[in-house]
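J.: sequence isn't available, so here's the structure alone:
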């Protein structure tokens, strides 16, 4: 603590903002960008439906059931209209902006925690290097490879925390309200963390609240079998279904944050000590809630509140504080500080490799308007350009998990309705249980898809009104297929 001052990484506010911009651009290039993969199959169709309500006439309720609590689709659609840019460009620009604002919020918090500018920056750089780090067994990253309402809510929660630490409670409240508008669950976690920060003896009151919830569960109706099937596809909701290393990923950060608090108090870094201790308590309380939901059958319906996803905020604080402490106390002097930056290179290489392994059949960055060689994406684009907007499609209910598909969303790219799937639609069902029965009926009708023949496809037409199917080239016998590539055929049912 007594070493002489040395040149800092960034010294002035203008340089700080510019450095954050460079760091943001580097993070996007490092962690990849895929606008229509994974949960974008829920969010992007909701945006396109807001832009054009005539789209998705058969299945809009399956994704709007999940997005109905968020202003995200409406706001992004409004930005498209106001900017006169394509949706592809708006998604990329807002995604990049959300990362910039998240790193800026992290920097505002970090500089209040550490006595050295270099230490505060190292925490932010480490966070930028680990944006696509999996959060234990929650099926979350710190930031996804595409735009989500969670990203907007996350930066707002960090800004709310920074505002509170800077003794600007009104601004803090405004940013929490902003977070609620986009992602109520993430905003609620932010509110709970601030509550724990204000009253770290809240554990007693929490236990009473848990008991009250358990009592309420005794008198609430049992969820349907269809809902249980949908929720059962989401192992991240239930601790009892986590692997041992996922348990370690949940408990380990709480232990480390408790240790950070102890170290910070010894070093008289009071803000860091308080934030670390609050994060430990906050994480432990939600871990207990998640454990009860997993263990007590009558609490099954509470799974839709996803208490274990509170670890998302815990991980952000862990990375931010861990990077700062490493710089603060391990490498303190002069040129040695730059050795710490070299440690980020293998971390970045590992994150890049992980992203390439996740999306091996897709360019690392899917720029707007760029050509694709992925046969699934090619098929979906053909469908968008060559089929009626009211077309009703069926395809393998596990298509997003198939080799080479790289989790690209059919609805998001093709802009057409499809029957329910087994990969993404169950997530909407866990949030909107009223959809469970319809979802279950549709996925059961698609059971055994890989062995379907012409008669099975005609059954889908008769029972559900399906007018088109996407099949493997070996399944096209007896079908009229106006499009085919190396992997797939798009066929019309008549």
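T.: Everything's here; your move. None of the values given here were measured: they were computed from a predicted structure. Numbering: from 1, shown residues only.
J.: can you find the helix or strand of the chain with the lowest average pLDDT?
T.: Of all helical and strand segments in the chain, the minimum by mean pLDDT, DSSP states H and E falls on helix 203-219, at a mean of 38.
J.: so how far is residue 251 from the closest residue in space to residue 45 that isn't next to it in sequence?
T.: Sequence neighbours aside, residue 411 is the residue nearest to residue 45 in space, at 4.2 Å (criterion: C-beta to C-beta, 6 or more residues apart in numbering). The C-beta positions use only the backbone N, C-alpha and C, and glycine is treated the same way. According to C-beta to C-beta, to the nearest Å, residue 411 stands 38 Å off from residue 251.
J.: looking at those two now, which is surrounded by more residues?
T.: residue 411 (29 against 14; other C-beta atoms under 10 Å).
J.: outside of stretch 365-385 itself, list whatever touches it.
T.: By C-beta atoms under 8 Å, 6 or more residues apart in numbering, the residues outside stretch 365-385 that reach it are 28-29, 32-36, 86, 88-89, 92, 361-363, 391, 393, 399, 404-406, 408, 410, 413-416, 468, 470, 483, 485-488, 490.
J.: drop anything exposed from the residues you listed.
T.: 28, 32-36, 88, 92, 362, 391, 393, 399, 405-406, 408, 410, 413-416, 468, 470, 483, 487-488, 490 (16 or more other C-beta atoms under 10 Å).
J.: quick one on the thing from earlier: off-centre distance for the host helix or strand of the residue nearest to residue 45?
T.: Per DSSP states H and E, residue 411 falls inside helix 410-414. Distance, stretch centre to chain centre, for helix 410-414: 19 Å (C-alpha atoms, centre = their mean, to the nearest Å).
J.: for it, give the mean pLDDT please.
T.: Here helix 410-414 scores 96 as its mean pLDDT.
J.: and it, what does it pack onto?
T.: With contacts defined as 3 or more C-beta pairs under 8 Å, 6 or more residues apart in numbering; DSSP states H and E, the packing partners of helix 410-414 are helix 40-51, helix 375-386, strand 392-395, strand 417-418.
J.: let's see it at 7 Å
T.: Here helix 410-414 touches helix 40-51, helix 375-386, going by 3 or more C-beta pairs under 7 Å, 6 or more residues apart in numbering; DSSP states H and E.
J.: deepest-packed of these, please.
T.: Per residue and on average, the most neighbours among these fall to helix 40-51, with a mean of 24 (mean count of other C-beta atoms under 10 Å).
J.: hmm, who's touching it?
T.: Identification of contacts with helix 40-51 by C-beta atoms under 7 Å, 6 or more residues apart in numbering yields 36, 55-56, 60, 63-64, 66-67, 72-74, 76-77, 80, 87, 146, 148-149, 409, 411-412, 415, 424, 427-428.
J.: and the next element down the chain from that helix?
T.: With elements assigned by DSSP H and E, the helix or strand that comes after helix 40-51 is helix 60-67.
J.: buried ones in that following helix?
T.: Across helix 60-67, burial judged by 16+ other C-beta under 10 Å covers 60, 62-67.
J.: need these in JSON lines with pLDDT and distance to residue 115, can you?
T.: Output for the buried residues of helix 60-67, formatted as JSON lines (pLDDT from 0 to 100; distance: C-beta to C-beta, whole Å):
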{"residue": "60", "pLDDT": "89", "distance to residue 115": "53"}
{"residue": "62", "pLDDT": "86", "distance to residue 115": "52"}
{"residue": "63", "pLDDT": "87", "distance to residue 115": "48"}
{"residue": "64", "pLDDT": "85", "distance to residue 115": "49"}
{"residue": "65", "pLDDT": "77", "distance to residue 115": "49"}
{"residue": "66", "pLDDT": "78", "distance to residue 115": "44"}
{"residue": "67", "pLDDT": "83", "distance to residue 115": "44"}
